[in-house]
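Undergrad: Fold the following, please.
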Amino acid sequence: MRNGVPILLDAAHNPAGARALASHLQDIGWSGVTLLFGAMHDKDIDGMLVPLAHACERIICTTAPSPRAIAADELAVIAGRYVPAIEIVPNMTDALGRAIEHRAPIVGAGSIFLIGPLRDILR
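TA: Predicted coordinates:
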């Protein structure tokens, strides 16, 4: 939790992980979430976003700190196929701050390279 906003971090870095996370979100009654999403270029991004999109009101696309990461603006093109409210915030710390501003539950997902640093920021 940050500034009264609940935050859930789950790498969900493949379609199976994303399906499991989407199921968990349904089980705990989270909908209308802000998805803070960053992924590697070589991952099945569509396969991850399809199950997660049902729980999302918006997706904030960011760039995970890895040379393999897909750039936030490229990620936004893909994410826009599934959720109309897309924001591009390349810097991960700024993206987290922007997500908190929405005051909706936040789910960070898409890459272990994203989740580890986010966890450090939240500590």
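Undergrad: Quick one: distance of stretch 66-84 to the chain centre.
TA: With CA atoms, centre = their mean, to the nearest Å as the basis, the distance from the averaged C-alpha position of stretch 66-84 to the chain average is 10 Å.
Undergrad: Need the residues that contact that stretch.
TA: Defining contact as CB atoms under 8 Å, 6 or more residues apart in numbering, one finds that stretch 66-84 is touched by 35, 37-42, 45-46, 49-50, 53, 56-59, 61-63, 86-90, 95, 111, 113. For glycine as for every other residue, the C-beta is placed from the backbone atoms N, C-alpha and C.
Undergrad: Just the buried ones out of those residues, please.
TA: Neighbour-count burial (16 or more other CB atoms under 10 Å) is assigned, among the contacts of stretch 66-84, to 35, 37-40, 45, 49-50, 53, 56, 58-59, 61-63, 86-89, 95, 111, 113.
Undergrad: Keep only those of those that are in helices.
TA: 45, 49-50, 53, 95, 113 (DSSP state H).
Undergrad: which element is the residue lying closest to residue 46 once chain neighbours are set aside on?
TA: In this structure, residue 46 finds its nearest non-sequential neighbour in residue 78, 6.5 Å apart by CB to CB, 6 or more residues apart in numbering. When secondary structure is defined by DSSP states H and E, residue 78 falls within helix 72-79.
Undergrad: in that helix, what's buried?
TA: 72, 75-76, 78-79.
Undergrad: quick one: average pLDDT of stretch 116-123?
TA: Per-residue pLDDT values across stretch 116-123 average out to 95.
Undergrad: same deal with stretch 45-58?
TA: When pLDDT is averaged along stretch 45-58, the result is 97.
Undergrad: So what touches that stretch?
TA: Contacting residues not belonging to stretch 45-58 are listed as 12-15, 17-19, 21-22, 25-26, 30-35, 37, 39, 59, 70, 75, 78-79, 81-83, 85-87, 102, 104, 107, 109-110 [CB under 8 Å, 6+ apart].
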